[in-house]
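# quick one: sequence plus predicted model below, questions after.
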Amino acid sequence: MSTAPGGLANIGKSVSIKGELSGKEDIYVDGQLDGSIQLPGNSVTVGPNGRVKADITARNLTIGGTLDGNVHASERTELRKTAVVNGDVQTRRIAIEEGAYFKGKLEILTEAKTSASPAVAAVAAPVAMPVTSTRQEDKK
């Protein structure tokens, strides 16, 4: 694991970690991580080669690789087109690119409420959602 001058820890493709990851800086995971990630005030990015089996708590989360686990992002979650996510997501804002795969429950948190609550669930039922376009111009 290396740390860049801007306060970003980088877990490279050849690195494999088992256990709990916590700290006070942003993390970029392009390797394998099995355990949990607890960075409630920071950003976590799972790169395209990243394979994470963990529950993640972060301020912002961007996923480009594979995540098997539940997510609590106090601000924003982004699933890139190469993302494969199996688990429940709690977040204030979410962006899902076309081509991403998401299977789980999505809960949109309100500004006043950042903890889990069934009353604020945007989608109560489990969802398996490969994202594809339905626009007519894409079908030509």
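Cool, the structure landed. Numbers count the residues shown, from 1 in each chain.
# any weak-confidence spans in this protein?
Within the chain, the segments meeting pLDDT under 70 span 1-6, 112-140.
# and the longest strand along it, what's buried?
With secondary structure taken from DSSP state E, the chain has its longest strand at strand 32-46. Judged by neighbour count (16 or more other C-beta atoms under 10 Å), strand 32-46 contains these buried residues: 32-33, 36-39, 42-46. Any C-beta I mention is one placed from the backbone N, CA and C, and that applies to glycine too.
# cool, and stretch 71-84?
Quick answer for stretch 71-84 (16+ other C-beta under 10 Å): 71-74, 76-80, 82-84.
# what is the nearest of the buried residues of strand 32-46 to Glu25?
Relative to Glu25, the closest of the buried residues of strand 32-46 is Asn42; by C-beta to C-beta it sits at 6.1 Å.
# now the closest one, nearest residue through space, not along the chain?
Take Asn42 and drop its neighbours on the chain: the residue closest to it by C-beta to C-beta, 6 or more residues apart in numbering is Asp26, 5.0 Å away.
# the one you found pairs with what?
Counting by DSSP bridges, Asp26 forms beta bridges with Leu8.
# which residues touch it?
Listed by C-beta atoms under 8 Å, 6 or more residues apart in numbering, the contact partners of Asp26 are 7-9, 39, 42-45.
# quick check: Glu107 touching Asp88?
Yes: using C-beta atoms under 8 Å as the test, Glu107 is close enough to Asp88 to be in contact (7.2 Å).
# ok, which stretches of the chain are strands?
According to DSSP E, the strands that the chain contains are 2-4, 8-11, 16-22, 26-29, 32-46, 51-63, 66-68, 71-79, 84-86, 89-96, 101-104, 106-108, 127-130.
# okay, buried residues for the third one please.
When neighbours are counted by 16+ other C-beta under 10 Å, the buried residues of strand 16-22 are found to be 17, 21.
# partner strands of that strand and their direction?
The pairing partners recorded for strand 16-22 under DSSP bridges are strand 32-46 (parallel).
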